[in-house]
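# Sequence first, then the predicted structure:
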Amino acid sequence: MDITADQTIPEIAPTFRLQWEKAQNCYVVLYPEGMVKLSPSAGEIMKRIDGAQSVADIISELQQQFPDAELEQDVRKFMEVAHDNGWIRAKQ
């Protein structure tokens, strides 16, 4: 399944967790061996990956929040990278 397809519903993989890290002042992806510090834009994408919204829904919501940004391709690319790293998967 294509993780970037409009109707795909991404979810955070079970061994990973998204969390706001006050000390880092950013969102992080936690996993048993450590953590990954996310950029502000990556955090905005990841916090919308809830296992309920489709890729198209996430892009639409981000476009509403940031109307002056051309972000569709960046969102899809980030989802590919997150999927390749095992952080997210397509909900079954």
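Done, it's in.
# just the helices in the protein please.
For the chain, the helices defined by DSSP state H cover 40-46, 55-65, 72-84.
# most tightly surrounded among those helices?
helix 40-46 (a mean of 18; mean count of other Cβ atoms under 10 Å). Placement of C-beta: from N, CA and C, glycine included.
# Does anything pack onto that helix? Which helices or strands?
When contacts are defined as 3 or more Cβ pairs under 8 Å, 6 or more residues apart in numbering; DSSP states H and E, helix 40-46 sits against strand 26-31, helix 55-65, helix 72-84.
# who touches that helix?
Helix 40-46 has contacts (Cβ atoms under 8 Å, 6 or more residues apart in numbering) with 12, 18, 26-27, 29, 38, 58, 62, 65, 71, 74-75, 78-79, 82, 87-88.
# Could you rerun that using 6 Å?
Contacts to helix 40-46, defined as Cβ atoms under 6 Å, 6 or more residues apart in numbering, come from residues 18, 27, 75, 78.
# averaged over its residues, what pLDDT does it have?
For helix 40-46, mean pLDDT rounds to 97.
# How about stretch 83-92?
On average, stretch 83-92 scores 95.
# what's the distance between it and the middle of its chain?
10 Å (Cα atoms, centre = their mean, to the nearest Å).
# Kindly check the end-to-end length of that stretch for me.
In stretch 83-92, first residue to last residue: 14 Å (Cα to Cα, to the nearest Å).
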